[in-house]
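[1] Below are the sequence and a predicted model; questions follow.
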Amino acid sequence: MADCLVEIYTEELPASYVGGIVAFGRKFFRRTFKGKVDVYGTCRRIVVLGRDLSGFTPPELESALLDFLKQVPLPKRMRWDDSGLEFARPVRALLVLRGEEVLALRLGNVSSANITFYLDPKTLLRKEKEVHSVSEYLEFLASLGIVLDQERRKQVIVERLKALCEERSAIANLDEALLEEVTYLVEAPYLFVGQFEERFLELPPEVLISSMARNQKLFTMSYPDGRMAPYFVGVLEGQGRPDFDFSKVVKRVQSVLSAKLADALFFWEEDKKVPLRQRAKDLDRVILHEKIGSLRNKLEKMKALADPLARMVGLSGPEKEKLLTAIELSKADLETLMVYEFPELEGIMGYHYARAQGIDEDIALAIRDHRRPVNFEDDLPDSRLARLLGVLERVSDITAYFKAGLKPSGSEDPFAVRRMVLTLIKLVLNMPEAVDLDSLFRESIKLWECNDRVLVEIEDYFKDRVIAYLRDRGIRSDIASAVWRRWRLNLKKAMETGKSLSKIAKTKEFQDTVKVLERTYKIVKKVDRSSLPQVDPSLFQTSQEEALWKTFQSVKSEFDSNLASGDVAGAVRAYSSLAGPIHDFFSEVMVNVEDEKIRANRMAMMWEINKAFSEKLAEFF
C-alpha cells in the first residue's frame, strides 16, 4: 500500500505545546490505525505519516482527526470560528494524501486540499504550494531546509551548536530545556554566533546563562577550564534563506543583550552591598500564604526541627551550628534584586552572595543546593548540609500546606506540594544519612500545632507514591504494600526490608511464611486485638496448642536473633518452620469455642505469632 499523510497546518503553535501534541499523537494514531505510523511537529504543522495503514478512509480518518483534536491534552484551548472546533491555535489548512490520491474531508470549517503552506525565504510571508504526492510533499519541505522530524531537527541544532563552539575553542553549555524550546520554535534552523562585552564576565555564570536563555533563547559557551566565553549562539528560522543578511539580526540581538546584562551587573553590585544576615531579618514581611504565615516563621520552625534531625543523623556540635546558619540564610536571596528579576536563580545567588561575603563554603553550598532534587530526574546534592536542609524544608512545607488545607487535589497543585512529596521520597531513599520521616513529621506536626488528622492525611498522600516508588525499583507489589503498612514514613526501613524480602520472594520458606501470616490474621481480624489477654499456657487443652506455642518460643528467639544481625532471609526461614505446627493446630483445634477464656487465649496466641513478624518486618494482612 502507498504512503499516507495528514498535515494539519496552524497558526504559530506555542513551542511548549508541540512536544506534548506529538507524543500524544503517536500513541493515538498508532492505536487508531494498524500499520507503521509516526507523528512529527513543528511550530506550524502537525504531520501524521504512515505506511500500510488500514482504516485510512475519509470517514474514519475524519472521525479520528476530530477525536485527536478533542482528546489531545493542552494547557489552554481556543476557538476561532463558529464550527466549535478547538485546538491550541487556529487550524488554517488540511492536507490528506494516500500516495498520489488527495482525500477529501473536513475539520470544522476547513476542507482538505492538495496545498501546503510555507514561509517565503525572502519575505517570511506565508505562501502556498500545490503537492500531489507524499514524496513530493517531503521533497518540497526538504528543499526549503525544513526538518520535519523533531528529533532530527534537534540533532541538527546540537551538531551546529557544538561546531560553532569548537571553532572558538569552547564547549557548549547545553541547556536541555532551551534546546527543546528552540527545536519547536523553528522549522528550518539557522544558527548564528554573537559576542558580548567581557566586562559582563564578572557576573556569575548562572546569571549569564539564565539571562540569555530566558530573554533571547541564546546558548552560551565555556572554555575547557570552566571560564565562560564571551560568545553566544542563537537559532533563527532561515536554513533556506541564502540571500538574507543575518548580520543585522546579530547586531540587534547584541544590543538588546548588552542592555539586559548591564542591568544584571547593576543588580549584582548593589545586592553585594547588603549582608545576607541583614536580608534574612527582613523575611518576616515575606508571606508564604495567609493561612501559613511569614517565611521567617517557617524558618524558625525549621530551626526547631533541626534538633531532632541532628540527633537522628549524628551531627556534631559545629555541624549543627552550620546547619542552623544555613537555615537562617537559605531564603535571604529572595530579598535581592537579582532573584526578583530571575526567580529561577533562588539559592544559586544565595551561594554567590554568601561566598562574596566570606561565609563558610559548606553553608554556601547548602544554600545553593538545598532545593535539589527539583524532580525525579535530578541528582541529589553532594553537600550533606544541603541534603539535610532540603529534608527540613520539605517536611516543614508539607506540614504547613496540609494544615492549611492546601494539599494537591486531582490535577490542581498550585503550591507544588506534589513535587515536594516526590522529591522528598527520592531524597530520603537515596541519601546516605538514615532519616526517619515518621519521627520528623510527628515533630513537625507539634511545631505547626496541627491536629492528628493532618498526620493521617500526610501519610495517606505519601502511601501510593511510596508504594509506586518501591515497585519501580523491583520490589514486588504485595511486598511494597506490606512494608508500607509496617514502616509507613520510615522510608529507609521500608526500602531496605522490601529489597530483602523481594530477594527471597520465590522461595518455599517465604511462601510458607505468608501462609502462616494469612491464617493467623484471618482468625483475629474482626476482633479488638488490643483487648486480647496475655497468652496463658495453663489454658491450653490440646497437644497441638502446646506444640505450636513451644515451637513459636524457639522460632521467635531465632527470628529475633537473625533480624538483629541483619539476616532477613534467616529470619524468614526460621519463621516458616511454624507452617507445620500451624497446619496441625487448625486441623485439630477449634478457635471460636464457647468458653470465652479458651477462645480469647487461642486468639491471643494467633495474634502473638502474627505480630512477631508483622511488627518487625512487614504487614501482609
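    Arrived safely, thanks for sending. Numbers count the residues shown, from 1 in each chain.
[2] OK, contacts around E341?
    Contacts for E341 (CB atoms under 8 Å, 6 or more residues apart in numbering) come out as D263, A264, F267. C-beta here means a position set from N, CA and C on the backbone, and glycine is covered the same way.
[3] how near is it to I425?
    33 Å (CB to CB, to the nearest Å).
[4] out of the contacts of E341, which are buried?
    Among those, the ones that count as buried by 16 or more other CB atoms under 10 Å are A264, F267.
[5] Format the contacts of E341 as a markdown table; extra columns: distance to E139, secondary structure and pLDDT.
    Listed next are those as a markdown table, based on distance: CB to CB, whole Å; DSSP: H, G, I helix; E, B strand; the rest coil; pLDDT from 0 to 100:
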| residue | distance to E139 | secondary structure | pLDDT |
| --- | --- | --- | --- |
| D263 | 47 | helix | 97 |
| A264 | 46 | helix | 97 |
| F267 | 51 | helix | 98 |
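[6] Show the pLDDT at R89.
    Model confidence at R89, given as pLDDT, is 97.
[7] Is it in a helix, a strand, or coil?
    State at R89, reduced to three classes by DSSP: H, G, I helix; E, B strand; the rest coil: coil.
[8] For it, list the residues it contacts.
    When contacts are counted by CB under 8 Å, 6+ apart, R89 touches T10, E11, E12, L13, P14, M78.
[9] now R51
    Counting by CB under 8 Å, 6+ apart, R51 has contacts M1, D3, C4, G35, K36.
[10] Which element, helix or strand, includes it?
    strand 45-54 (DSSP states H and E).
[11] From the chain's centre, how far out is the following helix or strand past that strand? Work that out for me.
    Remark: after strand 45-54, the chain's next helix or strand is helix 58-71, criterion DSSP H and E. Centroid separation for helix 58-71 versus its chain: 32 Å, with CA atoms, centre = their mean, to the nearest Å.
[12] So what touches helix 58-71?
    Contact partners of helix 58-71, identified using CB under 8 Å, 6+ apart, comprise 6, 8, 24-25, 28-29, 32-33, 55, 85-87, 91, 96, 103-107.
[13] go on, stretch 526-534?
    With CB under 8 Å, 6+ apart, stretch 526-534 has contacts from V524, A600, N601, M603, A604, W607.
[14] follow-up on the earlier one: what's the lowest-pLDDT member of the contacts of R51?
    Among these, M1 has the lowest pLDDT, at 47.
[15] Quick one: end-to-end length of stretch 533-545, please.
    16 Å (CA to CA, to the nearest Å).
[16] okay, which residue of this structure is out on the far edge from center?
    Ranked by distance from the centre of the chain (CA atoms, centre = their mean), the top residue is Q541, with 58.7 Å.
[17] measure that residue to L532 for me?
    Distance of Q541 to L532, given as CB to CB: 18 Å.
[18] before we move on, what about R442?
    27 Å.
[19] More neighbours: which of the two?
    Neighbours were counted for R442 and for L532 using other CB atoms under 10 Å; L532 has more, 17 against 13.
[20] Name the nearest residue to the more buried one, ignoring sequence neighbours.
    What sits nearest to L532 in space, not counting adjacent residues and going by CB to CB, 6 or more residues apart in numbering, is A604, at 4.3 Å.
[21] Phi and psi next, for the one you found.
    phi -60, psi -40 (degrees, to the nearest 10).
[22] do T57 as well
    Reported as degrees, to the nearest 10, the phi and psi values for T57 are phi -110, psi 160.
[23] can you pull the contacts of it?
    Applying CB under 8 Å, 6+ apart to T57 gives the contacts L103.
[24] Let's see that with 10 Å instead.
    When the contact criterion is CB atoms under 10 Å, 6 or more residues apart in numbering, the partners of T57 are R98, L103, L105.
[25] coming back round to it: out of the contacts of R51, grab the one that's most surrounded.
    C4 leads the contacts of R51 on contacts (other CB under 10 Å) with 24 neighbours.
[26] Now that one: which helix or strand?
    According to DSSP H and E, C4 maps onto strand 3-10.
[27] Quickly run through the sheet partners of that strand, with directions.
    strand 45-54 (antiparallel), strand 91-98 (antiparallel) (DSSP bridges).
[28] correct me, but the residue farthest from the centre of the chain touches V591?
    No - the pair Q541 / V591 is not scored as a contact, 11.8 Å apart, by CB atoms under 10 Å.
[29] For these two, list the residues in contact with both.
    In contact with both Q541 and V591: I598, N601, R602, using CB under 10 Å, 6+ apart.
[30] Looks like the second one contacts F540 (just checking).
    In other words, N601. Yes - contact criterion CB under 10 Å: N601 and F540 qualify, at 7.7 Å.
[31] These two: who's more crowded?
    Neighbours were counted for N601 and for F540 using other CB under 10 Å; N601 has more, 22 against 19.
[32] residues in contact with the residue lying closest to that one once chain neighbours are set aside?
    Computed as CB to CB, 6+ apart, the closest residue to N601 that is not its neighbour in sequence is L539, at 4.4 Å. With contact taken as CB under 10 Å, 6+ apart, L539 is in contact with P533, E545, D595, K597, I598, A600, N601, R602, A604, M605.
[33] same question, L174
    V158, L161, K162, C165, F219, T220, M221.
[34] tell me which of the residues you listed is nearest to V274?
    Comparing those against V274 with CB to CB picks out T220 as the nearest, at 28.1 Å.
[35] How is the closest one assigned, secondary-structure-wise?
    strand.
[36] so how far is V193 from it?
    11 Å.
[37] Give me the more crowded residue out of these two.
    Neighbour totals were compared for T220 and V193, and T220 leads with 25 against 16 (other CB under 10 Å).
[38] Just the pLDDT at S54, thanks.
    Confidence score, pLDDT, at S54: 78.
[39] quick one on the thing from earlier: check the offset of the strand holding C4 from the chain's centre.
    Taking CA atoms, centre = their mean, the mean C-alpha location of strand 3-10 is offset from the chain mean by 33 Å.
[40] With stretch 168-178 instead?
    24 Å.
[41] Pull out the buried positions in that stretch.
    So stretch 168-178, judged by 16+ other CB under 10 Å, has buried residues A170, A172, N173, D175, L178.
[42] returning to what we had before: send me the strand holding C4 as CSV with only the CA atoms.
    The C-alpha coordinates for strand 3-10 follow below in CSV (Å, rounded to 0.1, in the frame of the first residue of the first chain):
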residue,chain,number,x,y,z
ASP,A,3,2.4,6.1,2.0
CYS,A,4,-0.3,8.1,3.8
LEU,A,5,0.0,11.6,5.1
VAL,A,6,-2.0,14.1,7.1
GLU,A,7,-0.8,17.7,7.6
ILE,A,8,-2.7,20.0,10.0
TYR,A,9,-1.3,23.5,9.3
THR,A,10,-1.9,26.0,12.0
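[43] mind listing what's buried in the helix or strand following that strand?
    Where DSSP H and E defines the elements, the next helix or strand beyond strand 3-10 is helix 15-32. For helix 15-32, burial by neighbour count (16+ other CB under 10 Å) applies to A15, Y17, V18, I21, V22, F24, G25, F28, F29, T32.
[44] can you list the weak-confidence ranges in the stretch 151-300 of the chain?
    239-242 (pLDDT under 70).
[45] top of the contacts of T57 by neighbour count?
    Neighbour tally across those (other CB under 10 Å): the maximum, 21 neighbours, falls on R98.
[46] From R92, how far out is it?
    From R98 across to R92, the span is 22 Å (CB to CB).
[47] cool, D378 as well?
    40 Å.
[48] K129 falls within a helix, correct?
    No - remark: K129 does not belong to a helix; assigned using three-state DSSP, it is strand.
[49] That one - nearest residue in space that isn't next to it in sequence?
    T116 (5.6 Å).
[50] Would you agree that neighbour is in contact with L141?
    Yes - contact criterion CB under 10 Å: T116 and L141 qualify, at 7.8 Å.
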